[in-house]
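*Asks:* predicted model and sequence below, questions to follow.
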Amino acid sequence: MTSNVIQLPTGPRWRVLIAHQRDDVRHVLRTLIEAENVAVVEAADGDVALAKLESLQFDVLVLELDLPQKDGLTLMQLHRVLLAYERTPVEPPAVLLTLAAEVRNNVALTDHLRALGVAGFVDDEPRADVAARVDDLLQSRAARRAGKPAAA
């Protein structure tokens, strides 16, 4: 007897958008972040990234602050406006901005960006700690979805 139950393929649970103008940086970030349960989508400029944000839901955005076409901050704010008009409420994705060495330690800038809702910062020359930072953001998101308080 055959069953009418169809097994749907299970895919990655989380989506991360990486928007950076440099191919090498996107490649390193993808290599560090992508996992069995994390799908990574890439964009080389703000317009492409915005088009992807309009068609897919993401859990984390890794955006270059100086992204061409639309900078990372503008992209984050435009996306939040789009989410505000969704029929059903959608939790905005956490945002990590990549910062160049020249501004990485500018406390006035980073404090201002955090006040606007940026979750954290990544060096424009990514290091291995990026994976742990993204994983922490995804685990916090999972805890909120489950109705549990996020770990401090």
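*Replies:* Looks like it arrived, so ask away. Residues are numbered from 1 along each chain as shown.

*Asks:* what's the biggest helix in this structure, counting residues?
*Replies:* With secondary structure taken from DSSP state H, the chain has its longest helix at helix 129-145.

*Asks:* which elements pack onto that one?
*Replies:* With contacts defined as 3 or more C-beta pairs under 8 Å, 6 or more residues apart in numbering; DSSP states H and E, helix 129-145 has these neighbours: strand 14-19, helix 23-33, strand 60-64, strand 94-99, strand 120-123. (Glycine included, C-beta is placed from N, CA and C.)

*Asks:* contacts made by the first one with the rest, please.
*Replies:* This points to strand 14-19. Contacting residues not belonging to strand 14-19 are listed as 26, 29-30, 33-34, 37-46, 48-49, 52-53, 56-64, 67, 72, 75, 93, 134, 138, 141 [C-beta atoms under 8 Å, 6 or more residues apart in numbering].

*Asks:* partner strands of it and their direction?
*Replies:* Partners of strand 14-19 in the sheet, by DSSP bridges, are strand 38-43 (parallel), strand 60-64 (parallel).

*Asks:* what residue lies at the spatial centre of this protein?
*Replies:* Of all residues in the chain, the one closest to the mean position by C-alpha atoms, centre = their mean is L61, 1.6 Å from it.

*Asks:* for stretch 83-100, C-alpha coordinates in PDB please.
*Replies:* As requested, C-alpha coordinates have been extracted for stretch 83-100 and formatted as PDB (Å, rounded to 0.1, in the frame of the first residue of the first chain):
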ATOM      1  CA  LEU A  83       8.600  45.500   7.200                       C
ATOM      2  CA  ALA A  84       6.400  48.000   8.900                       C
ATOM      3  CA  TYR A  85       3.900  47.700   6.100                       C
ATOM      4  CA  GLU A  86       3.700  43.900   6.100                       C
ATOM      5  CA  ARG A  87       0.200  42.400   6.700                       C
ATOM      6  CA  THR A  88       1.500  40.200   9.500                       C
ATOM      7  CA  PRO A  89       4.200  41.500  11.900                       C
ATOM      8  CA  VAL A  90       7.700  40.400  11.100                       C
ATOM      9  CA  GLU A  91      10.600  40.600  13.400                       C
ATOM     10  CA  PRO A  92      13.300  42.700  11.700                       C
ATOM     11  CA  PRO A  93      16.600  40.900  11.100                       C
ATOM     12  CA  ALA A  94      19.600  41.600  13.300                       C
ATOM     13  CA  VAL A  95      22.100  43.800  11.600                       C
ATOM     14  CA  LEU A  96      25.900  43.600  11.700                       C
ATOM     15  CA  LEU A  97      27.800  46.300   9.800                       C
ATOM     16  CA  THR A  98      31.300  45.800   8.400                       C
ATOM     17  CA  LEU A  99      33.500  48.700   9.200                       C
ATOM     18  CA  ALA A 100      36.800  49.800   7.600                       C
END
